[in-house]
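Novice: Sequence first, predicted coordinates after that:
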Amino acid sequence: MSSNADIYHEIIVDYSRNPINFGKIENHDVTFHDSNPLCGDSIDIDMKIDENKVTDIKFHGRGCAICMACSSVLTEITKGKSLDDVRKIEKNDVLSELGLEHLQAVRIKCALLSLKVLKSALYTYLGKHMDDSQDMDKLKDEAASLY
């Protein structure tokens with residue numbers, strides 16, 4: 001392994017042993033759960049949203065080291081952002097933070113489970129707070145194009 005790979009490996013192990021933003025938000029504005037039955041990863045994300053901004057975000061569940069590290073990084077990226085900015089978060093925003101841009105296909109679902117949960121929670125929240133049917137259709141199209 002190269003020294004960069006060693007550093008990223010250490011970061012992933014550290015995040016998995018000491019996850020950031022791990023826990024529950026009791027009075028959340030939205031929560032969502034999903035799992036990857038192939039490997040046993042299971043993640044819930046809770047968010048507090050105020051004035052169109054994610055004021056708090058936490059995740060809980062269990063998963064492999066990559067899943068836990070990516071969930072930690074994703075919550076760090078998301079906290080404090082506007083909902084529009086959260087909608088723009090892409091897989092490479094998370095993967096590049098941990099040096100996982102070239103992750104094997106078999107592990108990509110582990111790495112991106114938390115992003116899938118985050119986007120599902122966001123779309124659930126936005127769907128409940130939209131009045132315009134055209135905006136709702138755009139939101140559905142955006143959600144459908146993710147996966």
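Specialist: Cool, got the structure.

Novice: residue contacts, Asn36?
Specialist: Shown in contact with Asn36 (C-beta atoms under 8 Å, 6 or more residues apart in numbering): Ser42, Gly63, Cys67, Lys109, Cys110, Leu113. (C-beta placed from N, C-alpha, C; glycine too.)

Novice: Could you rerun that using 6 Å?
Specialist: Lys109, Leu113 (C-beta atoms under 6 Å, 6 or more residues apart in numbering).

Novice: Give the phi and psi angles for it, as a check.
Specialist: The phi and psi values for Asn36, taken as degrees, to the nearest 10, are phi -120, psi 100.

Novice: partner residues bridging it?
Specialist: Taking DSSP bridges, one obtains Asp41 as the residues bridged to Asn36.

Novice: Give me the packing partners of the top helix by length along the chain, helices and strands only.
Specialist: Secondary structure of the chain read by DSSP state H shows that its longest helix is helix 105-128. With contacts defined as 3 or more C-beta pairs under 6 Å, 6 or more residues apart in numbering; DSSP states H and E, the packing partners of helix 105-128 are strand 30-36, strand 41-50, helix 65-78.

Novice: let's go with 7 Å and repeat that
Specialist: With contacts taken as 3 or more C-beta pairs under 7 Å, 6 or more residues apart in numbering; DSSP states H and E, helix 105-128 sits against strand 30-36, strand 41-50, helix 65-78, helix 83-87, helix 91-95, helix 133-144.

Novice: Return the most buried member of those.
Specialist: Greatest average neighbour count among the helices and strands packed on helix 105-128 goes to helix 65-78 (a mean of 24), per mean count of other C-beta atoms under 10 Å.

Novice: what's the angle from that one to strand 41-50?
Specialist: Angle of helix 65-78 versus strand 41-50, following axes from the mean of the first three to the mean of the last three C-alpha atoms, to 10 degrees, is 10 degrees.

Novice: Which residues outside helix 65-78 are in contact with it?
Specialist: For helix 65-78, the surrounding residues in contact (C-beta atoms under 7 Å, 6 or more residues apart in numbering) are 12-13, 15-16, 19-21, 41, 43, 54, 57-59, 86, 89, 93-94, 97-98, 107, 110-111, 113-115, 118.
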